[in-house]
Structure formats: structure tokens, C-alpha cells
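J.: Dropping a prediction and its sequence here:
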There are 2 protein chains.
Amino acid sequence: MSLLEQLGQQVKRASVHLSSASAKDKNDALKLIAEQIIVDQELILEANLKDLKQAEIKQISTAVMDRIRLSSDRIETISNGLLDLVELDDPIGQTLDSWSLENEIKLRKVSVPIGVVGIIYEARPNVTVDAAALCLKAGNAVLLRGSSSAIHSNTAIVRSIRTALASSNLPVDSVQLLEDTSRETAEQMFKMNEYIDVLVPRGSQNLIDVVIAKSTIPVLETGAGNCHMYVDQSADPEMAFQLVINAKTQRPSVCNAIETLLIHEEWFNRHGKALIQILKDKQVDIRGDQTVRSIDPTIQEATDVDWETEYLDMILAVKVVQTVDEAISHINLYGTSHSEAIVTESNENKVKFLNQVDAACVYHNASTRFTDGFEFGFGAEIGISTQKLHARGPMGLEALTSTKYQLSGTGQYKK
Amino acid sequence: MSLLEQLGQQVKRASVHLSSASAKDKNDALKLIAEQIIVDQELILEANLKDLKQAEIKQISTAVMDRIRLSSDRIETISNGLLDLVELDDPIGQTLDSWSLENEIKLRKVSVPIGVVGIIYEARPNVTVDAAALCLKAGNAVLLRGSSSAIHSNTAIVRSIRTALASSNLPVDSVQLLEDTSRETAEQMFKMNEYIDVLVPRGSQNLIDVVIAKSTIPVLETGAGNCHMYVDQSADPEMAFQLVINAKTQRPSVCNAIETLLIHEEWFNRHGKALIQILKDKQVDIRGDQTVRSIDPTIQEATDVDWETEYLDMILAVKVVQTVDEAISHINLYGTSHSEAIVTESNENKVKFLNQVDAACVYHNASTRFTDGFEFGFGAEIGISTQKLHARGPMGLEALTSTKYQLSGTGQYKK
């Protein structure tokens, strides 16, 4: 039996115990982990330094270096995050529905843990704690597979988590790290249907695509956000200016920022010039269609590639459309079903847009930047689903649960 | 562009229209299909005869021949099934939840269609209508891939469905059949993530395993039922006799029939002999452990293979256990998470069993034979899920839906 299979067996066995762990035992374990990573912070930071040195030698980009880097402050933030999680309601054992069959068997639909969650992630060592803690809170055991670039940090953090688990009522093997970060071993892990119930890839689109292509285990898929805002004919100009600026510039590097702006031609004729100027003043690099360029030829021409691109940067593609239907078609063709918004005073167009745009979150007269588990009131987030099975949009603890039917009878049999 | 891609594009385009189809339009289309397959029944039966002749030449088993065979009666049953579906509530556009964010944006979680469903199935041509109709009712377009053994029947049925759709308000391309039944084309279909949102394999475990192994599209997985009944120490003997007999013999060929019987040693000492006799009288072929064989040495010895096997036949593996915990461990080790039952008068053991057995449906003092979408009151069934994402247990129309968040504001932006 390979080491990977051994880990799989251990974590599966732990998941059986975890599935009936009390809310108190789970919360006590989270508190112990929160304490332990503070106690162990010297060790964790030393390990992190090794990863950073290795990254320097390999000339890894500063952006990635930043994601790897831990500090006392960051560790404290992570620790506090665990304590926030303690405050949330236990998602397990809730009666979601109940009814009686015709023969009077009483049926209850109950929330249960998924079992074993496999997390595949890149650089960020904070995911090691965050993801493991979310899984534990929902009664799941977790097998972590981080990248080689953060292996020292991840190993130190998981050692700390397991030290805490050892003095808790949860099994130590509830959290396991795959220390072998080779691609071959990862691909073996993607096919361990016997031991892993779901895989959650956290990171770049490339990572997610690889997991989807190679995995035989169901994948909780999160995806890119090529988000749009459509400014309709009747949009209030002040509101539109504010929402466009906010959705593009408040934090351009995140998935719920907009990448393409669609504007109704009549609105554009009245307010387009002013809006373009405001965007330029905010240092937004605009790629426009012919109509946009007709009022400012210095603007670079937008191509099909622009309509498809998630810039994650201070760049915005702008297109002028004739109707709300044209806007909806453009979004359904180029969008990634993440977050889409309409600014309008027309109730008819609002309803049409909210119903016909195919996306996890569709907004009317608000910034797309609210697509987020915390903003939605979930108290935690494992990612944002852009596919349609199991969970769509921001995923909180509920997305890490499954259900079970419990039926109680008095001797009923099938006639 | 390949023919397969063309079909994909057409069905995807149809799904956009379907997603905002009214309940009336969908129900009218179902009624038209119900009429049309009666009108076309001669053509369908002729085509079916071709499949049967081909099957005869290929010396296909009578069991499979039976699955392929259609008759006027069967077509009438299928047609009536469509009319039953019309009576069910529209699963789309329901408000599943609603609340306000802290900034007073109003949020509504709404049920929406999944989009395009790919159905992969074997022999049975009735699946062509049943599955297509369930998908349509939930606003989904459908790409069907049946087996070569029923290709003439399937082609005739889909032609009939499309004739009906042509006089409905739904797009004709809402239902497409992949007439090329080669394995290569099927494998291409399993990777058409751009056009297909979910694959539903209907048929043997082997078919399901192939789809899971090859598909990059999410799979709505149904699975085998290696179901158990555990007769506890305190079980009422009359009730236990009845439930064991019912769960094993009422229809042994279905997935919710039991395959292994676990009996507490004390109960076995009191009532085991009588139960074994009743089972033998009912022509059940028993495979027993040592304790079972100690009272009847003519019983064949059960091996590990027996604990793992879904017989789907009048065969029952029987094992004597010391405790409810031993029963639970056995079930969690060998079961397929389908349907599991305990017969007991002990509340403590009932609660333990219902909570700790990891299965879609867990029963107390009732036959496992009730795991079924119709018995559960769903009015329809696309299959029984034995995995943990999206849907678990009997899947009705709801399993063919996804969700969307609609958010309505008054100009809120992120601070």
C-alpha cells in the first residue's frame, strides 16, 4: 500500500468519527488550533522563511512570494478567523425538511458531513488552516495537497493543527497533509474515489482545469469571473458613474470586479463622454468598440480576446449596444456565470436581465463586488461556485455538507 | 465543426430559450409529445422490431431483449407518464430563500434550470421519453445518447418528440439524439463542457463507472444498492420476519432490495431457526457465516465476496453480530450508501443506527423497498443518487435544477 493510500485510509477512518462529533467537540478543537498556531508561530515563521528562500532561488515572482509570506500579524489574523468560525451555527444535524409517506412512515431530511474533502491549492499557506477549519466545522476530514512552493510552511502548520487535535476529542487524522508534492502523486489522489468524497481546487483557472480534467472524484468547482455591468437607457447617471467606478476600481484583482462594460447607445450619447473621462481620471485603461473610439480615438480597439478576458487589473473593455437583449446575449456568450449587473430605472428591463442572464449572481442597481460569502452573511467562504451542481455562487459551510433521509416506521412493508 | 459539436451548439441554444419558458408552454409541449407518440406508435413499433431482429441476430440475452421491447401497452404507459408529469408543480422560478444584506440589498435565491443535460443510457427506449420529459419539465434541453441496440427505436421516438415540439412554443432542438453510437463519439461527448452542464448515466454500474472515469463534465451519479437489514436484539420477531421477507423477496431485482441480513446473536438464538426456515420456504438461497451454518450445515458458507455483492436475485447473505456497533461497521464497510434498515424496539439503538450509518436512506422498522421518488412523493424520478454532492437518495425534478441569486439594490457600492 502506498503512503498516499495509507493517508487516504487514515483520513477516511477519521471521517467516520467526525461525522458524529458534537458541535462542542468541533468548536473546542477549533479553539485549540487557534491557540496552537500562536504557540507554534516561531516554528511556522522559520519554516516559512525556508519557503521564501527557496522561492528567491527559483526567482519566483513577487506576487507569488507575497502569497507565500507569513508574518506574526497574518498568523494572528488566521487564528482570529478560527475563533469567528466557532461562533457560527453547527451546519450538521439540522432537519432540512420532514414529511410522512402515504403509508405513514415519518421521513426527515437531515444535514450530514460530506465525509472526506480533498483540498488542492497553490502557494498560500493560510489556505492550509482556513480550509481545514471549514471542513472540520462541517464534520469533514480533510486531505490537503498544497504546492511545493509552500511545503515547509504547510508541514509546520499541519503539525501544529495535529498537535491541537491530539488534545481535542476529534481524531488526529482528521487533518492530513500530502507532503509528496509531485504531479504523479497528485494525479493518483484525484482518482482515490474510495477514500475521498469531493475535491476542492483553490487557485488559478489552470489548476482548476487540471483537477477537472484528471479527477474521477466529484469536484466542487470554483471559476474565473469575467463579470459585466450593463448601463441601460434609463440608468441614473450619477448611480451608473459610481457603480461602474466601484465595480472596476475598488479592488481590480478580485473575481467579482467587472471586466467589460456594456452601455446602451442612447445613454452613451448623453453620458458616455463624461463616464470615459472619469474612468481615465481613475487610471483605467480602456479598450473600446468603434462607437467608443468615435468619441476618443486614443482608446485602444477592443477585440474578441478582450470580451473573453478576465484582466484582474485596471483595464476595462467597453461596448455600446442597441438593446438590453443585445447586452444579455453578449453576457451569456462571453461571461463566466459569476456576477453580472444591470443599472436601470426600467422595471421591465430589470426583470428581463435578472431572469435571462445565466449567472450565479445577478445584480440590479448595485456593484458586483458583493459576491462574497461574508457579504452574503454566511460568515465563512470556501470559494465561489460558477458551475451549477451542488452549490452556485458564494459557498459557505452549507456547501461542505450533504444530506441523508432518516425514515421511521412501525413495520411498514411494500405491497 | 463535427456533427457532435453542431448538436451541442443547437441544444445549448435551445436551452437559453427553455430557461425562460413558462410552465404552460412546457406542459403544453409535454401533452403534445404524449399525443404524438400515440399517433406515431406504428412507426415506433416498426423501428423497435428492427432493433429486436438485430438483437436476435447478435444473440443478445432475453433479459436485454425484454428491455428493448416496446408494445402498444408500453407506449400507452409512457404517454400516460408524460401526462402525470404535467400535473406536477413547475420546479423553476421558485423563491427558495430571501434575505437582505447588511447594506439593504435585497437578495432572492431562485430555482433555475441546469441548462443542458446529457443522458447516457443502455437498451431501454422508454428512457428516451422519460428522461427527455423530466428534463423539459425542469426547463433543461437534453442531448440523448442511447445504445446501438435500441438505435432504431430511439431515432423513431426522438423524431416523434421533435414533431410534437415543432407545434409547441418550445424550440425543436430542446431534444436531440446522438445517432452515432460509437464509443469514440461518446467519449468526445463526455468532454463537451462548453455545451453540456451535467451528465446523467442511466444503466449498469459499468456504464456509470465509464462515464465517471472519462467525463470532465459533472456527473449526477446513481449507483448500485448493496442494502442491508439489521435485526437488533430487541426486534419484534413478527415484524422482523415480515420486513426481512419483504425487503428480500417482494422484488429482488431492484436496487432497494436487501442483499445482506445482519442479526444480533441473542435474537438469532431465539428466532434464527424460524427465520431461516421462512426464507427457505420462500426459495431464498442463503449464504451464511459460521453461526448461521451451525444450525443448518446445508447452508453455503458466505465469503467476503458475498458481503460485497449486489445479487439482485433470490440470494441473501446472513451474518450474526454481537452488537449494533458491529452491524454499523459492517454496513459502512460493505454498503454502497443506498438504503439500510434496523429493526429494533430500542430507541437508543435506533438513534445510533440512523445517525451513524452512512447512507442516502436509513430506515427504522420499515422495509428498504420504499427508496423511490414516487414513494417519497416526488411524482417522478430521474434515479437514486448514492453519492453526496447536489442530490442524495431518490432524485425528482428538483435534482434537475440549479439556483441563482438575484440581488436588487438602490445604488449600493462596496466601501
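T.: Structure received.
J.: mind listing the helices in the stretch 51-200 of chain A by residue range?
T.: With DSSP state H, counting those that start in this stretch, the ranges of helices along the stretch 51-200 of chain A come out as A:62-68, A:72-87, A:126-137, A:151-166, A:183-189.
J.: Give me the contact status of the third one with chain B.
T.: No: using CB under 8 Å from any CB of the partner chain, no contact is recorded between helix A:126-137 and chain B, whose separation bottoms out at 13.6 Å. Yep, even glycine has a C-beta here, placed from its N, CA and C like the rest.
J.: Next: the last one.
T.: No: with CB under 8 Å from any CB as the measure, helix A:183-189 is seen stopping short of chain B, the closest distance being 13.3 Å.
J.: Please identify the most buried of the helices of the stretch 51-200 of chain A.
T.: helix A:126-137 (a mean of 25; mean count of other CB atoms under 10 Å in any protein chain shown).
J.: Which residue ranges of the stretch 201-350 of chain A form strands?
T.: Under the criterion DSSP state E, counting those that start in this stretch, the stretch 201-350 of chain A carries strands at the ranges A:227-231, A:258-264, A:285-288, A:300-301, A:315-321, A:339-343.
J.: Dump these to CSV, plus distance to chain B.
T.: Converted to CSV, the strands of the stretch 201-350 of chain A look like this (distance: least, CB to the nearest CB, whole Å):
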stretch, distance to chain B
strand A:227-231, 11
strand A:258-264, 12
strand A:285-288, 20
strand A:300-301, 27
strand A:315-321, 16
strand A:339-343, 9
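J.: looking at these, which is closest to B:V39?
T.: Nearest to B:V39 among the strands of the stretch 201-350 of chain A is strand A:339-343 (43.3 Å), distances taken as CB to CB.
J.: Mind giving me the packing neighbours of that closest one?
T.: strand A:227-231, helix A:237-249, helix A:324-334, helix A:347-356, strand A:361-366 (3 or more CB pairs under 8 Å, 6 or more residues apart in numbering or on different chains; DSSP states H and E).
J.: Show me where the stretch 101-250 of chain A dips below the pLDDT cut-off.
T.: Across the stretch 101-250 of chain A, nothing is flagged by pLDDT under 70.
J.: Please apply the same query to the stretch 251-400 of chain A.
T.: In the stretch 251-400 of chain A (pLDDT under 70), no residue qualifies.
J.: Return the residues of it in contact with chain B.
T.: A:251, A:332, A:350, A:354-356, A:358-367, A:369-370, A:375-377, A:387-390, A:392-393.
J.: For A:L136, give me its contacts.
T.: A:18, A:26, A:29-30, A:142, A:170, A:174-175 (CB atoms under 8 Å, 6 or more residues apart in numbering or on different chains).
J.: Mind checking which of those residues land in strands?
T.: Using DSSP state E, A:142, A:175 are the members of those that sit in strands.
J.: Tell me the one among the contacts of A:L136 nearest to chain B.
T.: A:L18 (11.5 Å; CB to the nearest CB).
J.: how about the nearest residue to the residue in the stretch 101-250 of chain A that chain B sits nearest to, chain neighbours excluded?
T.: With CB to the nearest CB, the shortest gap between the stretch 101-250 of chain A and chain B falls at A:N246, namely 3.7 Å. Residue nearest to A:N246 in three dimensions, not counting chain neighbours: B:Y413, with 3.7 Å by CB to CB, 6 or more residues apart in numbering or on different chains.
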